[in-house]
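> Build me a structure from this.
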Amino acid sequence: MNNEAERTYEIMEVCLLAGKIMLQSGGETYRVEDTMMRMAASFGIEKSHSYVTPTGIIFSAEGSEPTKTKLIRISERSTDLEKVAIVNSISRKISSGDLNSREAMKQLKEIEAKDLSFPFRMQVAAASLASGCFMIMFKGEWNDFLPSMIAGGAGYLSFVYFHRFVPIKFFSEFLAAFVIGLLSLLFVIIGVGHQLDKIIIGSVMPLVPGLLVTNAIRDLMAGHLVSGLSKGAEAFLTAFAIGAGIAVILKFL
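Residues are numbered from 1 along each chain as shown. Modelled structure (predicted):
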């Protein structure tokens, strides 16, 4: 009886760790729940239930013993879809019988500890290039390409560094948008930039919560109303922070 209980707890730990990694890396709520229950079923727990919100995961397993339930808190969320794909791959291996619970736990812990994101310099360079390209896409002029690149790269750099000192996303996004607006205005004043609106629009695009909006809509369509509304509210706050940062600068015009 004790061995069965220990095995059930071990399986629950594997499922919870997989769900935690996916949720922290930008996975959709319904995908996290489905993956956890499929993994539990593959390990022999036919009746399992998972309830996922952006800030926590509740998972329970039914068996011969009384139902066991565990809760974990999610405090940090980012975007790392490579980790989501790797966890999905591990789930498929479990379903096919190629991994046992201990091997799966070992691989999941390795994934959790790894930083699979691109080098920071590359992220800033990508944000700069994307800003310039978005500016052109919104029918801006080519002579504003370089100012948009500089403002977008500086804004993304500011967002990362501000978030390290003030771990509140709203203030980091507000200050990053403020930097973008300030630089864009300076470029126009000194004559380097010409279309202030196009430069600002292109530069703030790397800060726009596109994945968050997409996941919120997908969760709402899948029936996960709490998670969908929570992510939608987070996306709204991000958009408000960006708009407020730009509005402060435009107030001085």
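
> Stretch 87-106: which residues count as buried?
Neighbour-count burial for stretch 87-106 flags 87-88, 90-91, 94, 99, 101, 104-105 (criterion: 16 or more other Cβ atoms under 10 Å). Heads up, the C-betas are built off the backbone N, CA and C, glycines and all.

> got the CA coordinates for it in PDB?
Output of stretch 87-106 as PDB, limited to C-alpha atoms (Å, rounded to 0.1, in the frame of the first residue of the first chain):
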ATOM      1  CA  VAL A  87       7.900  18.800 -22.800                       C
ATOM      2  CA  ASN A  88       5.400  17.700 -25.500                       C
ATOM      3  CA  SER A  89       8.100  15.400 -26.900                       C
ATOM      4  CA  ILE A  90       8.700  13.900 -23.500                       C
ATOM      5  CA  SER A  91       5.000  13.300 -23.000                       C
ATOM      6  CA  ARG A  92       4.900  11.400 -26.300                       C
ATOM      7  CA  LYS A  93       7.800   9.300 -25.200                       C
ATOM      8  CA  ILE A  94       6.000   8.500 -22.000                       C
ATOM      9  CA  SER A  95       2.800   7.600 -23.900                       C
ATOM     10  CA  SER A  96       4.800   5.200 -26.200                       C
ATOM     11  CA  GLY A  97       6.500   3.600 -23.100                       C
ATOM     12  CA  ASP A  98      10.000   4.800 -23.900                       C
ATOM     13  CA  LEU A  99      10.400   6.700 -20.600                       C
ATOM     14  CA  ASN A 100       9.600   5.700 -17.000                       C
ATOM     15  CA  SER A 101       8.700   8.200 -14.300                       C
ATOM     16  CA  ARG A 102      12.300   8.500 -12.900                       C
ATOM     17  CA  GLU A 103      13.800   9.100 -16.400                       C
ATOM     18  CA  ALA A 104      11.100  11.600 -17.200                       C
ATOM     19  CA  MET A 105      11.600  13.500 -13.900                       C
ATOM     20  CA  LYS A 106      15.400  13.600 -14.600                       C
END
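
> sorry, back to before: and the buried residues of stretch 87-106 as TSV, adding pLDDT and secondary structure?
Below are the buried residues of stretch 87-106 laid out as TSV (pLDDT from 0 to 100; DSSP: H, G, I helix; E, B strand; the rest coil):
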residue	pLDDT	secondary structure
V87	93	helix
N88	92	helix
I90	92	helix
S91	92	helix
I94	91	helix
L99	86	coil
S101	85	helix
A104	90	helix
M105	91	helix
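
> got any ranges where this structure has weak pLDDT?
The chain contains residues with pLDDT under 70 at 1-2, 63-65, 253.

> Longest helix in it, by number of residues?
Assignment by DSSP state H gives helix 225-250 as the longest helix of the chain.

> show me the contacts for the nearest residue to L182 once chain neighbours are set aside.
Leaving out its chain neighbours, the residue that sits closest to L182 by Cβ to Cβ, 6 or more residues apart in numbering is I249, at 5.6 Å. Residues counted as contacts of I249 (Cβ atoms under 8 Å, 6 or more residues apart in numbering) are 178, 181-182, 184-185.

> Kindly report the same for M39.
Taking Cβ under 8 Å, 6+ apart, we find M39 in contact with 11, 14-15, 18, 91, 94-95, 104.
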